[in-house]
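Enquirer: curious how this folds, go ahead:
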Amino acid sequence: MAEILVKSERSTGIDCLRAIAVIWVLLYHFVPLPIFNRGTFGVLLFFIISGYCIAFSAESSRSAWHFYAKRLGRLLPALIVCGFLTTLFKTLAPELVEAGRDLKWIHYAYTIIALPTLNVLQVNYNLPDGAYWSLQIEFQFYIFCFLMMTLGLRERLLALICAVTIFRTLTTSTDYYTSNDFFPFFIAGMSIAALMRGRTREALTGILVAVAIDLYHLKFHFRQPSVPIEMYRSLLLWVGTAAVYLAARYDHLLPRPFRALAFIGVISYPLYLIHQDVGMMILRWAQIGREGAGNLLVRAIVLPAFLGLIAWIVYLAIERPTIKPLTAFLTNPRAWLRQPRLAGLWNPEAEREADVARQNSAIP
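Expert: Alright, predicted model coming up:
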């Protein structure tokens, strides 16, 4: 129990990795230099972090639905606000929207339903932002964990996701790309969590499976348009897994200056949600070209800082104050409604639980 309580605090090391991941993605989208042409690998780093954190979330959840309610409570507030802002900007300035990325309000509204339900209604819709593709992968991972926990298989999550991923890999055509292509990164993160819990054999088996599946994808030339499968991707899996382990194990050794980097990790989720299409619209409006030192300065520093300011406001005003109440409401609406808020007797801090995933969830 003491170990769980320690894990409930934010990890500066994990937040620093989040910051590196989101900065990586921003530079990929905004700075036209060859060094950043694999910026989508930042999303893969997010997936490893997510697997690490979700393992603790599943362990600390009271039930399968409590686990999924925490995921919804963590992801929906910023998603609703950032999706609204993106849709609003596209509606007000359609001439700045890239071809094929136009958006209707009904698509924005349906996104809030479609992502957590894996588009169960099979409706054809446009995501508010191009970066939201990674949320589709994340929710598939969450729902898999939710279903396994519903079946009472919480203690076998890592083994089950390894088995299912192996089966899907061996039975899927190399020309048919699926979320399965990204599951080795979640497996690697979950394996690091098992290693932190002292389950060494389980952890090493999981890492071996993750590496083997990824190399299998590479060997047989699986297609994956979102993040092409190549040797650099495998290197990211290896280095990212090691980085998550070091960040989690030696978090206490990080010097104080890293707290500034960790702050970017704290706002990384709304920053990721708001950055791509809105950022491109701002560049077109300001007529910032792709060449010249001044333009590169704006793209690399000024624009990310401005988007970071928006993300910080969303975090302070929306995300941080609503995560716990929304999670409590989704977990048990009847009990939540009975609480004496109006009398000033409700204290959200009194409900604080040991949940590393709420603190350390990674999106991409």
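Enquirer: residue 288 contacts residue 298, doesn't it?
Expert: Yes - with contact defined as C-beta atoms under 8 Å, residue 288 counts as touching residue 298 (5.2 Å). Where you see a C-beta, it was placed from the backbone N, CA and C, and this is true even at glycine.
Enquirer: the closest residue to residue 195 other than its chain neighbours: which element?
Expert: Excluding the flanking residues, the one nearest residue 195 by C-beta to C-beta, 6 or more residues apart in numbering is residue 203, at 3.7 Å. Taking DSSP states H and E as the criterion, the element that holds residue 203 is helix 200-219.
Enquirer: tell me what that helix is packed against?
Expert: helix 157-171, helix 183-196, helix 231-249 (3 or more C-beta pairs under 8 Å, 6 or more residues apart in numbering; DSSP states H and E).
Enquirer: buried ones in the longest one, by neighbour count?
Expert: Looking back up the chat, that one is helix 231-249. Of the residues in helix 231-249, those buried by neighbour count under the rule 16 or more other C-beta atoms under 10 Å are 233-234, 236-237, 240-241, 243-245, 247-248.
Enquirer: what residues does that helix touch?
Expert: Around helix 231-249, the neighbours that count as contacts under C-beta atoms under 8 Å, 6 or more residues apart in numbering are 11, 13-14, 16-17, 38, 41, 44-45, 48-49, 52, 184-185, 188-189, 191-192, 195-196, 207, 210-211, 214-215, 218, 227.
Enquirer: filter these down to the buried ones, PyMOL style.
Expert: A single PyMOL command suffices to select whichever of the contacts of helix 231-249 are buried according to 16+ other C-beta under 10 Å:
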select buried, resi 11+13+14+16+17+38+41+44+45+48+49+52+184+185+188+189+191+192+195+196+207+210+211+214+227
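Enquirer: buried residues in stretch 273-289?
Expert: 273-283, 288.
Enquirer: er, stretch 206-225 I mean
Expert: Counting neighbours by 16+ other C-beta under 10 Å, stretch 206-225 gives 206-207, 209-211, 213-214, 217, 222 as buried.
Enquirer: looking at these, which is nearest residue 327?
Expert: Comparing the buried residues of stretch 206-225 against residue 327 with C-beta to C-beta picks out residue 206 as the nearest, at 27.8 Å.
Enquirer: over to the closest residue to residue 119 other than its chain neighbours. Which of the three states is it?
Expert: With C-beta to C-beta, 6+ apart as the criterion, residue 119 has its nearest non-adjacent residue at 7.8 Å, and that residue is residue 125. Here residue 125 is recorded as coil under DSSP: H, G, I helix; E, B strand; the rest coil.
Enquirer: pLDDT wise, what is residue 125 at?
Expert: As predicted, residue 125 sits at a pLDDT of 92.
Enquirer: show me what contacts it?
Expert: Applying C-beta under 8 Å, 6+ apart to residue 125 gives the contacts 106-107, 110-111, 114, 119.
Enquirer: ok, and the most crowded of those?
Expert: For the contacts of residue 125, the largest neighbour count, defined by other C-beta atoms under 10 Å, is 23 neighbours, found at residue 111.
Enquirer: moving C-terminal of the lowest-mean-pLDDT helix or strand in the chain, what's the next helix or strand?
Expert: Among the helices and strands of the chain, helix 2-7 carries the lowest confidence by mean pLDDT, DSSP states H and E, at a mean of 35. Using DSSP H and E, the helix or strand that follows helix 2-7 towards the C-terminus is helix 12-30.
Enquirer: tell me what angle that next one forms with helix 231-249.
Expert: Note on geometry: by axes from the mean of the first three to the mean of the last three C-alpha atoms, to 10 degrees, helix 12-30 and helix 231-249 are set 150 degrees apart in direction.
Enquirer: just checking, what packs against helix 12-30?
Expert: Under the contact criterion of 3+ C-beta pairs under 8 Å, 6+ apart, the helices and strands touching helix 12-30 comprise helix 41-60, helix 231-249, helix 258-266, helix 268-286, helix 303-314.
Enquirer: that helix vs helix 303-314, what angle?
Expert: Computed by the same axes, to 10 degrees, the angle between helix 12-30 and helix 303-314 is 130 degrees.
Enquirer: what angle separates helix 12-30 from helix 41-60?
Expert: For helix 12-30 against helix 41-60, the angle by the same axes, to 10 degrees is 150 degrees.
Enquirer: what about helix 12-30, average pLDDT?
Expert: In this model, helix 12-30 has an average pLDDT of 95.
Enquirer: and the closest residue to residue 183 other than its chain neighbours, what pLDDT?
Expert: Setting aside the residues directly before and after it, residue 183 is nearest to residue 165 in space (C-beta to C-beta, 6+ apart), at 4.5 Å. In the predicted model, residue 165 carries a pLDDT score of 94.
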